[in-house]
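*Asks:* Predicted model follows, preceded by the sequence.
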Amino acid sequence: MNRLDGMVALISGAARGIGAETARLMVEAGAKLAIADVLDERGRETARVLGEAAVYVHLDVTSEADWQEAVDTVVGRWGKLDILVNNAGLFLGKDIEAASLAEWHRLCAVNLTGVFLGTKLTLPALREAAKASPHGSVIVNLASTAGIVGSTQDPLYSMTKGGATLFTKSAALEFARKGYRIRVNSMHPGTIDTEMGDQVLATRARNLGTNDIEMARRQVIDRLPIGRMGTPTDIAKGIVFLASDDAAFMTGAGLVIDGGITAQ
């Protein structure tokens with residue numbers, strides 16, 4: 001189940017958190033991949049731990065040149081690209097009134113422009129690899145539950161993730177119409193125990209008028225039907241599934257892994 005034998009992946013924002021765990025599980029499932037990030041030291045260490053199946057590439061997702069170099073590195077090393085995971089993301093944690101225009105532009109640059117550029121610049125390689133694959137190539141976009149329902153903590157983040165959600169559906173339909181054989185799906189995590197998850201908790205605590213992050217954590221857990229926050233492994237397993245042939249009949253879909261929070 002969920003095997004990726006012989007497949008080659010490129011994961012943005014993969015130096016840590018969900019991206020790094022996804023890379024680990026993909027290698028375990030038989031893939032070769034590029035760890036792509038701006039955190040060079042952490043990214044190189046993540047790739048080193050994974051061994052010969054992984055390589056690190058510096059990638060600012062807002063840069064066309066960086067994306068092209070990343071694709072060239074992957075194809076030059078392994079001869080193809082089967083899977084793109086647009087994982088890199090930014091959480092602002094500011095109210096509409098508090099956010100500056102510069103902060104909004106930066107949020108959009110990473111969460112929206114990064115997904116667009118990643119899709120556009122990997123497209124030729126993904127399309128070529130799809131010709132020799134029984135079920136084609138795959139793009140997985142990291143969205144959020146904040147891209148499905150409203151966010152009390154960061155409406156601007158929610159706006160960008162809602163954009164990524166609908167871009168996923170539209171790209172899936174475009175590629176199907178053109179016969180590219182590239183499936184495009186989105187992943188929607190709830191609150192996950194990562195460094196970004198800590199930012200969300202800090203924002204919640206601040207909005208409650210306190211610096212007590214543990215109280216904010218308890219409030220989040222109390223609202224979760226499953227009774228705990230998610231882990232990077234919870235999400236990474238879902239990404240591996242979407243990238244595998246087991247999800248061969250899925251495109252334009254969103255996989256929600258959120259402990260039940262959006263069921264309420």
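*Replies:* That came in fine, so what should we check first?

*Asks:* Skipping its backbone neighbours, what lies nearest residue 246 in space?
*Replies:* Excluding the flanking residues, the one nearest residue 246 by CB to CB, 6 or more residues apart in numbering is residue 2, at 5.5 Å. Yep, even glycine has a C-beta here, placed from its N, CA and C like the rest.

*Asks:* Please look at the one you found and residue 244 and confirm they touch.
*Replies:* Yes: because the distance of 4.5 Å satisfies CB atoms under 8 Å, residue 2 is recorded as touching residue 244.

*Asks:* Can you pull the residues that touch both of these two?
*Replies:* Taking CB atoms under 8 Å, 6 or more residues apart in numbering as the criterion, residue 2 and residue 244 both touch residue 29.

*Asks:* who's more crowded, those two?
*Replies:* More crowded of residue 2 and residue 244, by other CB atoms under 10 Å: residue 244, with 22 against 19.

*Asks:* Now do the phi/psi pair for the more buried one.
*Replies:* Main-chain dihedrals, residue 244, degrees, to the nearest 10: phi -90, psi 170.

*Asks:* Could you point out the longest helix of this structure?
*Replies:* helix 155-178 (DSSP state H).

*Asks:* In that helix, which residues are buried?
*Replies:* 156-165, 167-169, 171-172, 175-176 (16 or more other CB atoms under 10 Å).

*Asks:* contacts for it?
*Replies:* 86, 90-96, 99, 104, 107-108, 111-112, 115-116, 119, 139, 141-144, 146-148, 150-151, 181-186, 188, 251-254.

*Asks:* Now that we have the residues you listed, which of them are buried?
*Replies:* Burial by neighbour count, 16+ other CB under 10 Å: within the contacts of helix 155-178 this picks out 86, 90-94, 99, 104, 107-108, 111-112, 115, 119, 139, 141-144, 146-148, 151, 181-186, 188, 251-252, 254.

*Asks:* Inside strands: which ones of those?
*Replies:* Using DSSP state E, the members of these that fall within strands are 86, 139, 141, 142, 182, 183, 184, 185, 186, 188, 254.

*Asks:* Quantify the burial of the closest residue to residue 260 other than its chain neighbours by counting its neighbouring residues.
*Replies:* Nearest non-adjacent residue to residue 260, counting by CB to CB, 6+ apart: residue 225, 3.4 Å away. Here the number of neighbours of residue 225 (other CB under 10 Å) works out to 10.

*Asks:* And stretch 28-39, what's buried?
*Replies:* Buried, per 16+ other CB under 10 Å, within stretch 28-39: 29, 31, 32, 33, 34, 35, 36, 37, 38, 39.

*Asks:* any idea of the angle the longest helix of the chain forms with strand 182-189?
*Replies:* 160 degrees (axes from the mean of the first three to the mean of the last three CA atoms, to 10 degrees).

*Asks:* so where do the helices sit in the stretch 51-200 of the chain?
*Replies:* Remark: helices assigned in the stretch 51-200 of the chain by DSSP state H, counting those that start in this stretch are 64-78, 101-108, 114-130, 155-178, 195-207.

*Asks:* Mind giving me the packing neighbours of the second one?
*Replies:* Read it as helix 101-108. Here helix 101-108 touches helix 155-178, going by 3 or more CB pairs under 8 Å, 6 or more residues apart in numbering; DSSP states H and E.

*Asks:* quick one: the helix it packs on to chain centroid distance?
*Replies:* Distance, stretch centre to chain centre, for helix 155-178: 13 Å (CA atoms, centre = their mean, to the nearest Å).

*Asks:* That one vs helix 101-108, what angle?
*Replies:* Going by the same axes, to 10 degrees, helix 155-178 makes 40 degrees with helix 101-108.

*Asks:* Helix 155-178 versus helix 195-207: what angle between them?
*Replies:* Going by the same axes, to 10 degrees, helix 155-178 makes 140 degrees with helix 195-207.

*Asks:* helices or strands up against the helix or strand of the chain with the lowest mean pLDDT?
*Replies:* The weakest-scoring helix or strand in the chain, judged by mean pLDDT, DSSP states H and E, is helix 195-207 (a mean of 73). Contacts defined by 3+ CB pairs under 8 Å, 6+ apart place helix 195-207 against helix 213-223.

*Asks:* what's the next helix or strand after the helix it packs on packed up against?
*Replies:* Using DSSP states H and E, the helix or strand that follows helix 213-223 towards the C-terminus is helix 232-243. Helix 232-243 makes packing contacts with helix 17-28, strand 83-86, strand 137-142, strand 182-189, strand 254-257 when contacts are defined by 3+ CB pairs under 8 Å, 6+ apart.
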